[in-house]
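1. just coords:
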């Protein structure tokens, strides 16, 4: 998103608010609340690409910095952000490993009073571009810079569960949820699993128009 983020009502797509925070790479809302997670990026960022900012839109101020509640800073680019209301039963951190195409899973806080080193999953041959977790944190999904495959892994056993093909042409995945993916060319891919374990893949070629001069 090269422009400042807008809040939209997804029923009628009416702009509810607009903030001058520079261009952003990621923006996630905590359900339909006033809390937003923002990661800087694009051509005119005001905030770092390695930091996650928790934003309280209910605070009345003309200075965007006065709406900042929390800031989390990491050593590498933030690839995905997800917020939830309830407390996590276990803390799970998934991030790109030192080896190209690998994922590291940190399960050190799954049991109080215990610790263990992060373990590695060799997920792809190319650099990791997109990472996502399902709601309980039992499955991790990843895609590489090549963008033709999405792979799902069991976070406990490290086994590969399934491999989903996005397409034959390379494309960067901007967003992935357990059942769908959006890539840089604007295509939307939907994956539906049947009770017998088969996967039906639907692709929508003209779902989004993603370009440098998007005007939201």
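-> Thanks, I have the structure now. Note that the structure is predicted; figures quoted are calculated from it, not measured.

2. Does residue 133 touch residue 94 like I think?
-> Yes. Residue 133 is within contact range of residue 94, at 6.3 Å (criterion: C-beta atoms under 8 Å). Backbone N, C-alpha and C define where each C-beta goes, glycine included.

3. who touches both of these two?
-> Counting by C-beta atoms under 8 Å, 6 or more residues apart in numbering, the contacts common to residue 133 and residue 94 are 140, 155.

4. Same drill for these two, tell me which one is more crowded.
-> residue 94 (24 against 18; other C-beta atoms under 10 Å).

5. So for whichever strand in the chain runs longest, what gets flagged as buried?
-> Secondary structure of the chain per DSSP state E: the longest strand is strand 35-45. Neighbour-count burial for strand 35-45, counted by 16 or more other C-beta atoms under 10 Å, picks out 35-41, 45.

6. likewise stretch 120-134?
-> By neighbour count with 16+ other C-beta under 10 Å, stretch 120-134 contains the buried residues 121, 123-124, 126, 128-133.

7. Residues in contact with it: which ones?
-> Under the contact criterion C-beta under 8 Å, 6+ apart, stretch 120-134 has outside partners 79-80, 82, 92, 94-97, 99-105, 139-147, 149, 151, 153, 155, 158, 172-178.

8. at 7 Å instead, please
-> With contact meaning C-beta atoms under 7 Å, 6 or more residues apart in numbering, stretch 120-134 is reached by 79-80, 82, 92, 94, 96-97, 100-105, 140-147, 151, 153, 158, 172-173, 176-178.

9. Got a ChimeraX select line for the buried ones in those?
-> Only the buried entries of the contacts of stretch 120-134 go into this ChimeraX selection, using 16+ other C-beta under 10 Å:
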select :79,80,92,94,96,97,101,102,103,104,105,140,141,142,143,144,145,146,147,151,153,173,176
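
10. So which of the contacts of stretch 120-134 belong to strands?
-> Using DSSP E, the contacts of stretch 120-134 in strands are 94, 96, 102-105, 140-144, 151, 153, 173, 176-177.

11. still on that earlier bit, which two from the buried residues of stretch 120-134 end up farthest apart in space?
-> Largest separation among those by C-beta to C-beta: 126 and 133, giving 20.7 Å.

12. Provide the secondary structure category for residue 66.
-> Of the three states, residue 66 takes helix under DSSP: H, G, I helix; E, B strand; the rest coil.

13. Run through the residues that contact it.
-> Counted by C-beta under 7 Å, 6+ apart, residue 66 has contacts residue 59.

14. Could you list everything residue 165 pairs with in the sheet?
-> Going by DSSP bridges, residue 165 is paired in beta bridges with residue 149.

15. so how far is residue 82 from it?
-> Using C-beta to C-beta, to the nearest Å, residue 165 is found at 24 Å from residue 82.

16. before we move on, what about residue 26?
-> 10 Å.

17. Could you do residue 59 as well?
-> For residue 59, the distance to residue 82 equals 23 Å [C-beta to C-beta].

18. show me where pLDDT drops low in this structure?
-> Residue ranges of the chain with pLDDT under 70: 1-21, 61-64, 86-91, 107-117, 167-190, 192-194, 196-216.
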